[in-house]
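Engineer: What follows is a protein structure lacking sequence information:
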């Protein structure tokens, strides 16, 4: 479940960084054409991976609901980061992993 | 616009709306009837398919009729989005707030019944429940035992008691700390919020119709909103909070709408389906006439409970019916057992599964003879439309156990509240203009915005507070809790209309924060189940409830501070500008 959340967030982060506007918020300058393609591909791959991971659980319908739910939760988190403290958007997955590790 | 041109404009708007509302409804009803008669599936399924699709047809007709009503397609859709969103936006917001709370309906009820510790139930729960009913509910024609499951750990018994003023439903809940069934304080709990979200606590079906119209408008507003949104993907992650003003609110409206779009579409459509035969009874009427019982028998396997015979008989053991239920559904899936006409020769048993492990809200049941214990019918397996309806309605009511998915649904619901609220605020802001005084309509919208966007949460907080403050032995105390809900809301409305708007926003935000902060504090003072004790006891449900109240309190307080700083910021920049010019 938490891995799904992480993948969804990573996917959305990749897709947002493939846009000039958000790339500029975090790094200096704009992404090159090739790095845009890479970021976009990583984004979609992570989103699809999260979906596959999520629906391959015990009950696929719950997996599907969880994926849509995480899409909103991760999206809200990313949007709020970008709107207030853009660089923290990169730290969120790290914080997530640390949090999960302390719980485990 | 001259007065005459304006009158002509209003007339044309009203005429087209009337044609779309009435004509669209008739067309949708005819479509439902046609499918019900023509589809090559059993007639109950055909009726359901026709009725389910008729709502899509209705929305489609509205979009089509307005496609060119205001010039280009996009412009027309923007107009449609603005007005369908505004018209019953306040009702919709109240529905969203109470409906979102209702995702935790059972949990709210448990919190509002603090006399019973429900953290664990005995292993022989069913036998104990029936034994308790035997001693307490003799002469009642309807007993039931609700068994614990992964979602709701409580064990409770219900029975219907005949009194001079008609039947009263009694309930007792298992208390783990004293190991017996106890009477909890008289409360409607989460069920009140749940019912309010579709009937607005109005008699007959007025509330259901108002909510239905609001939901249909929302369905049209969502579809037209998607078309209107020019930068759906480009602005997917954009929120210019610092910019404030219209821009910031529009971003917030876009983000809350787009990120939770699948949820918004699902909840609106399935919301219409939960009461589909109230709104669109025609296909069912044409096929079944007045005999709706035949429909529910064919579609869901429902049967009438037989009348009492007057002949006494002892209640049989429920072992067979429970064993059959477990074999069919799984050993931990028996949710509820009902015993009708206990003590009479016409006694029956009926079991229902819990929905802890599935999305679909189906109608599986096992019915048995109550004097012999033999299974009469095992209703399992349904037609394609009944199954479709089960999944769609199951998505809406979310009875499953998964706590993470429930929390995510709750977040989706909150996002829906934010979407409607930001949309309403945006309507006001777009029309705010320093060059002319606000019209009556604009002032009314602003006041209604305050009185619902903050009035609804204030009412919910007051409802929770009333549960802890209204004396436990006051007769009809459950009604008093509900009265407090409406008194608090009325106070919010009154305050919004009396105070200047900018003051009213801030003061009500602070009032909401104070009330939600007060909920866990008062709970801790008036019961032995406050936050510290619950933490010590490891009572997750009570801890989570109190923490959510604290989160809501902080949310309202922070918004008040944000508004206050923004206003001060604006006034200082205005005075700086004035100094510069001087």
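Structural biologist: Great, that's in hand. Predicted, not measured: the structure shown is a model, and the values here were computed from it.
Engineer: From here on, just use CA atoms for contacts and neighbour counts.
Structural biologist: OK.
Engineer: Find the nearest non-adjacent residue to residue B:387, please.
Structural biologist: residue B:362 (7.1 Å; C-alpha to C-alpha, 6 or more residues apart in numbering or on different chains).
Engineer: same thing with residue B:555?
Structural biologist: Using C-alpha to C-alpha, 6+ apart, the nearest residue to residue B:555 is residue B:513, at 7.6 Å.
Engineer: element containing that neighbour, please.
Structural biologist: helix B:501-526 (DSSP states H and E).
Engineer: chain center to that helix: distance?
Structural biologist: Centroid separation for helix B:501-526 versus its chain: 23 Å, with C-alpha atoms, centre = their mean, to the nearest Å.
Engineer: Flag every buried residue along that helix.
Structural biologist: By neighbour count with 16 or more other C-alpha atoms under 10 Å in any protein chain shown, helix B:501-526 contains the buried residues B:501, B:504-524.
Engineer: for stretch B:390-409, same thing?
Structural biologist: Buried-residue list, stretch B:390-409, by 16+ other C-alpha under 10 Å: B:390-402, B:405-406, B:408-409.
Engineer: What's the mean pLDDT across that stretch?
Structural biologist: Stretch B:390-409 shows a mean pLDDT of 94.
Engineer: And chain A, is that stretch touching that?
Structural biologist: Yes. Residues of stretch B:390-409 contacting chain A under C-alpha under 8 Å from any C-alpha of the partner chain: B:404, B:405, B:408, B:409.
Engineer: Between the two ends of that stretch, what distance do you get?
Structural biologist: Using C-alpha to C-alpha, to the nearest Å, one end of stretch B:390-409 lies 18 Å from the other.
Engineer: Run a quick neighbour tally on the residue nearest to residue B:387.
Structural biologist: 22 (other C-alpha atoms under 10 Å in any protein chain shown).
Engineer: mind checking how far it is from residue B:386?
Structural biologist: Counting by C-alpha to C-alpha, the gap from residue B:362 to residue B:386 is 8 Å.
Engineer: Just give the nearest non-adjacent residue to the residue positioned nearest the centre of chain A, would you?
Structural biologist: Nearest to the mean C-alpha position of chain A, by C-alpha atoms, centre = their mean, lies residue A:9 at 1.9 Å. Nearest non-adjacent residue to residue A:9, counting by C-alpha to C-alpha, 6+ apart: residue A:74, 5.1 Å away.
Engineer: Show me which positions of the longest helix seen in chain A end up buried.
Structural biologist: When chain A is parsed with DSSP state H, its longest helix is helix A:60-84. When burial is assessed from 16+ other C-alpha under 10 Å, helix A:60-84 yields the following buried residues: A:61-76, A:78-83.
Engineer: cool, stretch B:82-100 as well?
Structural biologist: So stretch B:82-100, judged by 16+ other C-alpha under 10 Å, has buried residues B:82, B:84-86, B:88-100.
Engineer: Give me the contact list for whichever strand or helix holds residue B:128.
Structural biologist: Secondary structure from DSSP H and E places residue B:128 in helix B:125-136. With contact meaning C-alpha atoms under 8 Å, 6 or more residues apart in numbering or on different chains, helix B:125-136 is reached by B:143, B:145, B:147, B:155, B:156, B:157, B:159, B:181.
Engineer: Pick the one among the residues you listed closest to residue B:171.
Structural biologist: The shortest approach to residue B:171 among those belongs to residue B:157, at 5.6 Å (C-alpha to C-alpha).
Engineer: So which residue is dead centre in chain B?
Structural biologist: Mean-position check on chain B, C-alpha atoms, centre = their mean. Result residue B:99 at 2.6 Å.
Engineer: which ones are touching the closest residue in space to it that isn't next to it in sequence?
Structural biologist: Spatially, and ignoring its direct neighbours in sequence, residue B:99 is nearest to residue B:197 (5.3 Å; C-alpha to C-alpha, 6+ apart). Shown here is residue B:197, whose contacts under the criterion C-alpha under 8 Å, 6+ apart are B:94, B:95, B:96, B:98, B:99, B:211.
Engineer: and the fourth one, what element?
Structural biologist: In this structure, residue B:98 sits in helix B:89-102 according to DSSP H and E.
Engineer: Show me what that helix is packed against.
Structural biologist: helix B:190-199, helix B:206-228, helix B:403-431, helix B:440-453, helix B:455-469 (3 or more C-alpha pairs under 8 Å, 6 or more residues apart in numbering or on different chains; DSSP states H and E).
Engineer: Return the set of buried residues in the second one.
Structural biologist: This points to helix B:206-228. B:207-228.
Engineer: same question, the longest one
Structural biologist: Applying a neighbour-count criterion of 16+ other C-alpha under 10 Å, the buried positions in helix B:403-431 are B:405-406, B:408-428.
Engineer: repeat for the shortest one
Structural biologist: The neighbour-count check on helix B:190-199 (16+ other C-alpha under 10 Å) flags B:190, B:191, B:192, B:193, B:194, B:195, B:196, B:197, B:198, B:199 as buried.
Engineer: to the chain's geometric centre, what's the distance from the longest helix of chain A?
Structural biologist: On C-alpha atoms, centre = their mean, the centre of helix A:60-84 falls 8 Å from that of its chain.
Engineer: next one: the following helix or strand past that helix to chain centre, how far?
Structural biologist: Next helix or strand after helix A:60-84 toward the C-terminus (DSSP H and E): helix A:88-103. The chain centre lies 12 Å from the centre of helix A:88-103; the measure is C-alpha atoms, centre = their mean.
Engineer: Roughly how far does residue B:502 sit from residue B:425?
Structural biologist: Residue B:502 is 13 Å from residue B:425, by C-alpha to C-alpha.
Engineer: ok, and the closest non-adjacent residue to residue A:82?
Structural biologist: Per C-alpha to C-alpha, 6+ apart, closest to residue A:82 is residue A:89, 6.6 Å.
Engineer: and the one you found, what pLDDT?
Structural biologist: pLDDT, residue A:89: 92.
Engineer: list the contacts for it?
Structural biologist: Shown in contact with residue A:89 (C-alpha under 8 Å, 6+ apart): A:13, A:78, A:81, A:82.
Engineer: Distance check, residue B:134 against chain A.
Structural biologist: 39 Å (C-alpha to the nearest C-alpha, to the nearest Å).
Engineer: should've said residue B:130
Structural biologist: From residue B:130 to chain A the distance is 34 Å (C-alpha to the nearest C-alpha).
Engineer: Check the burial of that residue by counting its neighbours.
Structural biologist: By the criterion of other C-alpha under 10 Å, residue B:130 has 19 neighbours.
Engineer: ok, now residue B:153?
Structural biologist: Neighbours around residue B:153, by other C-alpha under 10 Å: 17.
Engineer: part of a strand, is it?
Structural biologist: No. Applying DSSP: H, G, I helix; E, B strand; the rest coil, one finds residue B:153 to be coil, outside a strand.
Engineer: Could you pull up the residues touching residue B:268?
Structural biologist: Neighbour list for residue B:268: B:215, B:216, B:218, B:219 [criterion: C-alpha under 8 Å, 6+ apart].
Engineer: ok, now residue A:70?
Structural biologist: Here residue A:70 is in contact with A:4, A:5, A:8, B:408 (criterion: C-alpha under 8 Å, 6+ apart).
Engineer: Would you mind getting the angle between the helix holding residue B:98 and helix B:403-431?
Structural biologist: Angle, helix B:89-102 to helix B:403-431, by axes from the mean of the first three to the mean of the last three C-alpha atoms, to 10 degrees: 160 degrees.
Engineer: ok, residues contacting helix B:89-102?
Structural biologist: B:190-191, B:193-194, B:196-198, B:211, B:214-215, B:218, B:410, B:413-414, B:416-417, B:420-421, B:424, B:448-449, B:452-453, B:456-457, B:460.
Engineer: Recalculate using a threshold of 7 Å.
Structural biologist: B:190, B:193-194, B:196-198, B:214, B:410, B:413-414, B:416-417, B:420-421, B:424, B:452, B:456 (C-alpha atoms under 7 Å, 6 or more residues apart in numbering or on different chains).
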